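Engineer: Fold the stuff below for me.
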Amino acid sequence: MLPVLLSFEGKKIAIFGCGEVGKRRAKKILKNGGIVDIYSKEFDEEILKLKENNKNLKLIKIDINKLSDDELKNIISNYDFIVSAINDEINRRIVKISKELNKFVNSSTNVEGVNFIIPAYTEVDEVIFSIYTKGKSPLIAKNIRIFVENYLKSKDIDLIANIREFLKENYPNQKDRKKILKMIFEDERFREELKNLIKKWEREKNDNIKGRL
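Structural biologist: Here you go, the predicted structure:
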């Protein structure tokens, strides 16, 4: 598999099962703009409350165990993406039918034929980092995600991005820009002095504006 970033904006997603995995994946997809229908025998208070505040979420009460392959096929054919989050036996059925219909399909169990993954990920200041362990250790994936999240929060990403744009305009040599950025990124004292200089400049600019009023 090749890692990619995908927008679910306006896409139709069917999620079979509304346990912890199904709810977690529904929340992620809804946050990304997807239109989600969840098929399940029962729905808890958490998902019912989420439904009240989200027009893109529909809850369909049904016993998936009693559906024939043809009935599953009729449902699956209406969607762009399929998430099966029930048990291994039903997940295998849904993955098989979804693949026959050339759909993107994800499973909560390690089923052969799955062709898209929703990994552990974090987003800080528009920097997105994800990790996938092929189901071997969700705990390790979680710990790595938390570590990277804390690391990104400790860095002045917006500051470095703005400086990079400034350097591109004023330093045509890419090696010179790289050297300066490396200094900013690695030298905490230099970075703090630069931030203080920027704050001082912003205060002076605001004072000048007030003086003209």
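
Engineer: so where do the helices sit in the chain?
Structural biologist: Listed in chain order, the helices of the chain (DSSP state H) span 20-31, 45-52, 69-76, 88-100, 138-153, 157-170, 174-186, 188-212.

Engineer: Quick one: work out the angle between the first one and helix 45-52.
Structural biologist: Going by axes from the mean of the first three to the mean of the last three CA atoms, to 10 degrees, helix 20-31 is angled at 20 degrees with respect to helix 45-52.

Engineer: and helix 20-31, what's its mean pLDDT?
Structural biologist: Averaged over helix 20-31, pLDDT sits at 94.

Engineer: before we move on, what about the fourth one?
Structural biologist: With pLDDT averaged residue by residue, helix 88-100 scores 95.

Engineer: Could I get the contacting residues of the residue positioned nearest the centre of the chain?
Structural biologist: Nearest to the geometric centre of the chain sits residue 121, at 5.8 Å (CA atoms, centre = their mean). Residues near residue 121 by CB atoms under 8 Å, 6 or more residues apart in numbering: 128-131, 145. Using the backbone N, CA and C atoms, a C-beta is placed for each residue, glycine as well.

Engineer: coming back round to it: out of the helices of the chain, name the one with the poorest average pLDDT.
Structural biologist: helix 188-212 (a mean of 70).

Engineer: List the ones among the contacts of residue 121 that fall in strands.
Structural biologist: 128-131 (DSSP state E).

Engineer: give me the beta-bridge partners of the closest residue to residue 103 other than its chain neighbours?
Structural biologist: Distances taken as CB to CB, 6 or more residues apart in numbering place residue 82 nearest to residue 103, at 5.2 Å, with adjacent residues excluded. Beta-bridge pairing for residue 82 (DSSP bridges): residue 14, residue 105.
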